[in-house]
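Participant: With the input below, show me the fold.
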Amino acid sequence: ERTELLLKDELMEENIKKRPVLSCAIIFMIGGAARLIEYFCIRTDETILSENFIHKVFGIIISAVVLYSLHSTWQSIGFAKGKTVSGITKGLILGACCFVIAYSIECLILYLVNQNVSLAFYISGFLLNGETVKHSGVPFLLLCITFNIINVWMEEGLFRGLLMKILTPKLSFTSAALLIAFLFGIWHWAMPLRDYLDGNTSLAGLLVMGIGYIILAGIMSIKWSLLYKMTGALWMGLGDHLFNNVIVTNLLHVISNGEADSMQIVRIIIGQILSFVLVMLCYRKTIKKENC
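Facilitator: Below is the predicted model of the structure:
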């Protein structure tokens, strides 16, 4: 049995190395299927837990299995030792600096329009009967942070780490980063697709949101790939990703006329474009230094 397992591992490793794009597509489809099952059937985000995290755990398991088959480690895909705290801290600072500007612009616009604006710190959740509720207790804060750590570990490890490792022996970094960005955009179609099938949005709305997700998530993915390329580790991208997920989309809300986050998408677009431009400028500067 052990010999048979070794042969299967060797065959899987050979197939992944020979057909990297196909291998990445298969890995993506397996993870995507788990994501769709949770979004459409289990709907963990509509429970008191308020987060679809099961498919993220499954994604981490997929990465571990593929890494084992490739005789590789988590360090080989960017989870480098010795850079964890400094890398995550730099990522958090990057996110904070860009979103201070984004929040300020959002608040200014809402104040000029409605003459009132305020910030609120809470987690949107659900009661057992399905009603929406605002959670502000420490246990819910810890749950939010924990689930989002799982989220960013899975997405950075799978997309910017594992898929990049599989693709770069055959493709250039630029080609690999663009392909991963496209897959990452498709990955985020689950929510608008569910909204459409649930009757909460029109087909036009689905198409607009879907295209928007591909563009926005794609920009974010390219930014995190560039950070990985520049730093040699996933930690800075993971920190920036964590700030976006925990603070920007979950905890810090802008209230105006009694409505929360009416311009959240504007805030996210401004913050992400600012950080993308900043990272791109740093990347170009790094490339010029290496070429000198």
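Participant: which sections of the stretch 1-150 of the chain are below the confidence cut-off?
Facilitator: Within the stretch 1-150 of the chain, the ranges that satisfy pLDDT under 70 run 1-11, 125-133.
Participant: residue boundaries of the strands in it?
Facilitator: 118-121, 123-126, 132-135 (DSSP state E, counting those that start in this stretch).
Participant: which of the residues in the biggest helix by length in the chain are buried?
Facilitator: Counting by DSSP state H, the longest helix found in the chain is helix 84-114. For helix 84-114, the neighbour count (16 or more other C-beta atoms under 10 Å) marks 87-88, 90-92, 94-95, 98-99, 102-103, 105-107, 109-110 as buried. The C-beta positions use only the backbone N, C-alpha and C, and glycine is treated the same way.
Participant: my read: Thr231 touches Gly82, true?
Facilitator: No. Between Thr231 and Gly82 there is no contact under C-beta atoms under 8 Å: 12.0 Å.
Participant: The two: which is more packed in?
Facilitator: The residue with more neighbours, out of Thr231 and Gly82, is Thr231; 19 against 8, by other C-beta atoms under 10 Å.
Participant: per-residue confidence for the more buried one?
Facilitator: At Thr231, the pLDDT value in this model is 95.
Participant: Can you give me every residue that contacts it?
Facilitator: Applying C-beta atoms under 8 Å, 6 or more residues apart in numbering, we find Thr231 in contact with 83, 87.
Participant: and the closest residue to Thr44 other than its chain neighbours, what does it touch?
Facilitator: Excluding its sequence neighbours, the residue lying closest to Thr44 (C-beta to C-beta, 6 or more residues apart in numbering) is Asn52, at 4.9 Å. Asn52 makes contact with 35, 38-39, 42-45, according to C-beta under 8 Å, 6+ apart.
Participant: now, which of the buried residues of helix 84-114 sits nearest Tyr196?
Facilitator: Closest approach between the buried residues of helix 84-114 and Tyr196, by C-beta to C-beta: Glu106, at 26.7 Å.
Participant: so the closest one sits right up against Gly271, yeah?
Facilitator: No. Using C-beta under 8 Å, Glu106 is not in contact with Gly271, being 9.4 Å away.
Participant: Report how many residues lie close to Gly218.
Facilitator: Count around Gly218 with other C-beta under 10 Å applied: 20.
Participant: Okay, it and Val279: tell me how far apart.
Facilitator: 14 Å (C-beta to C-beta, to the nearest Å).
Participant: Helices along the stretch 1-150 of the chain, start to end?
Facilitator: For the stretch 1-150 of the chain, the helices defined by DSSP state H, counting those that start in this stretch occupy 2-18, 20-37, 54-69, 84-114, 138-155.
Participant: Report the angle between the third one and helix 20-37.
Facilitator: When you say that, I think you mean helix 54-69. 150 degrees (axes from the mean of the first three to the mean of the last three C-alpha atoms, to 10 degrees).
Participant: helices and strands around helix 54-69, which ones?
Facilitator: Contacts defined by 3 or more C-beta pairs under 8 Å, 6 or more residues apart in numbering; DSSP states H and E place helix 54-69 against helix 2-18, helix 20-37, helix 138-155.
Participant: Turn those helices into CSV, columns for mean neighbour count.
Facilitator: Below are the helices and strands packed on helix 54-69 laid out as CSV (neighbours: other C-beta atoms under 10 Å):
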stretch, mean neighbour count
helix 2-18, 12
helix 20-37, 17
helix 138-155, 18
